[in-house]
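Student: Okay, predicted coordinates and the sequence, questions at the end:
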Amino acid sequence: MVRSPNLQPNQVAFRVPPSCNKFDIHSYLTNIYGVNIQEVRTMNYATVHKKARTGKMGVAQAAYKKAIVTVDAPFTWPAEPEWCALEREQFKLGSKSAGRKMKGWRFRAPEQERTRLKEISEELHARMEAEQSGKK
């Protein structure tokens with residue numbers, strides 16, 4: 001499933017292999033998940049090629065198909081887990097300090113950012129350890 005903010009409440013977007021057709025998507029969702037489907041629309045996206053500095057062409061993104069499925073009942077996304085917000089904040093702070101370093105500014109982040117980054121990494125580390133101990 002793909003988050004698409006421009007869709008209506010009773011529509012859901014999926015990223016599917018290019019070999020799937022509308023009938024496959026409809027039968028899969030109906031038979032496996034028991035969802036009543038009104039309509040299936042598909043869009044093909046081509047492979048994106050990027051040229052490297054060496055002159056070689058590389059595949060930046062493989063080809064895929066996007067399917068927009070209209071269902072009977074309105075669809076609501078589940079609440080986002082807490083660890084997603086922590087990882088997003090950690091990424092934001094890390095990229096901020098990397099950008100500061102690349103632009104030639106101060107290499108060290110302000111004290112407040114450093115302490116917040118340390119708190120986030122400790123929370124994520126504690127969560128990972130709890131998950132590992134729970135699996136054993």
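Tutor: Arrived safely, thanks for sending. Numbering: from 1, shown residues only.

Student: got the contact list for S133?
Tutor: Applying CB atoms under 8 Å, 6 or more residues apart in numbering to S133 gives no contacts. C-beta coordinates here come from the backbone N, C-alpha and C atoms, glycine included.

Student: tell me the secondary structure for it?
Tutor: Recorded secondary structure, S133: helix (DSSP: H, G, I helix; E, B strand; the rest coil).

Student: Quick one, grab the pLDDT at it.
Tutor: Looking at S133, its pLDDT reads 84.

Student: Return the distance of it relative to V59.
Tutor: 40 Å (CB to CB, to the nearest Å).

Student: how does this protein divide into domains?
Tutor: Structural domains assigned to the chain are 11-71, 82-135, following automatic domain parsing.

Student: Averaged pLDDT, the longest one. What do you get?
Tutor: Averaging the model's pLDDT scores along domain 11-71 yields 90.

Student: gap between it and the chain center?
Tutor: Relative to its parent chain, domain 11-71 has a centroid offset of 15 Å by CA atoms, centre = their mean, to the nearest Å.
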